[in-house]
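Enquirer: curious how this folds, go ahead:
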Amino acid sequence: MGWALKRELKYLDPSVYIGWIFERTFGYLPYFRTYAPGINIVGDSNAVTMAMIEDMVTRCAAEGRVATFLDFGARDGARRNFGRNCAYTGADISPRGPDILVADICACPQIPDESYDIVFNFDVLEHVERPWDAASECVRITRKGGLIVCRTLFAYRYHPEPNDFWRFSSQGLEHLFAGEGKAETLVSGYDILGRRRNRKGVYIDHRPPIDWLGGWRENWQVLWIGRKV
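Expert: As a prediction, the model looks like this:
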């Protein structure tokens, strides 16, 4: 378990302990030690993220100011609750709400350098053409000492919104954001709470082949949270 999880366990849902259990059971098996040493289970990615954001909000309050929060891929602000104690800004390449900023996560020069304490994107990076540019922009926009939060997919069915380009391992996601040394990793790992859910898709062009096992039952989310240095 990473520094952030050890520090914030008192705030988190008990499901975060799934990583501790994995490390001390299946994680001991020779297969995992040999072929999958980088598998870190973070538990409930929503709870982990909320705890980290609350910590940043507290730090900003100690400086006498309100934390600023930028939500990339905001649509209509559906995840506004993550920035509920912040000065919230939603941004999307195709906004679905009147108060959402038009901005492309891969290239948004209209947003100044180091202008937000928390730069957040959930379930976005798999849909962008150039995730390396998106990561670079997120780091650029974040203030020094601020949080960068990204959750995307390691394993999931095809779901174009309007496109579906990528899947990421935790090592790959960490390299995108921290590989150039401009950010340090606080949390990196997988959320497998919904791993065996039957994902059939809503629209015809989203649906995988469906058989007696269902549509798709290998659902891993991957979470990376870092601090700009």
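
Enquirer: can you tell me the SS state at the residue most central in space within the chain?
Expert: Nearest to the geometric centre of the chain sits residue 151, at 1.7 Å (Cα atoms, centre = their mean). Of the three states, residue 151 takes strand under DSSP: H, G, I helix; E, B strand; the rest coil.

Enquirer: ok, now how distant is it from residue 78?
Expert: According to Cβ to Cβ, to the nearest Å, residue 151 and residue 78 sit 14 Å apart. In this view, the C-beta of every residue, glycine as well, is placed from N, C-alpha and C.

Enquirer: could I get the contacting residues of the residue nearest to the centre of the chain?
Expert: Contacts for residue 151 were tallied using Cβ atoms under 8 Å, 6 or more residues apart in numbering; they are 45, 49, 121, 122, 123, 191, 221, 222, 223, 224.

Enquirer: going by distance to residue 176, which of those wins?
Expert: Ranked by distance to residue 176 (Cβ to Cβ), the contacts of residue 151 are led by residue 224 at 8.1 Å.

Enquirer: surely residue 190 and residue 221 touch.
Expert: Yes - counting by Cβ atoms under 8 Å, residue 190 does reach residue 221; the two are 6.8 Å apart.

Enquirer: which intervals of the protein have sub-threshold pLDDT?
Expert: Scanning the chain for pLDDT under 70 picks out the ranges 1-33, 35-37.

Enquirer: how about the helices of it, start to end?
Expert: Under the criterion DSSP state H, the chain contains helices at 3-8, 18-23, 30-35, 45-62, 131-141, 170-178.

Enquirer: other SSEs contacting the fourth one?
Expert: Okay, so that is helix 45-62. Applying 3 or more Cβ pairs under 8 Å, 6 or more residues apart in numbering; DSSP states H and E, one finds that helix 45-62 contacts helix 3-8, strand 116-122, strand 142-155, strand 183-191, strand 220-228.

Enquirer: likewise the last one?
Expert: Judged by 3+ Cβ pairs under 8 Å, 6+ apart, the packing partners of helix 170-178 are helix 131-141, strand 142-155, strand 183-191, strand 220-228.
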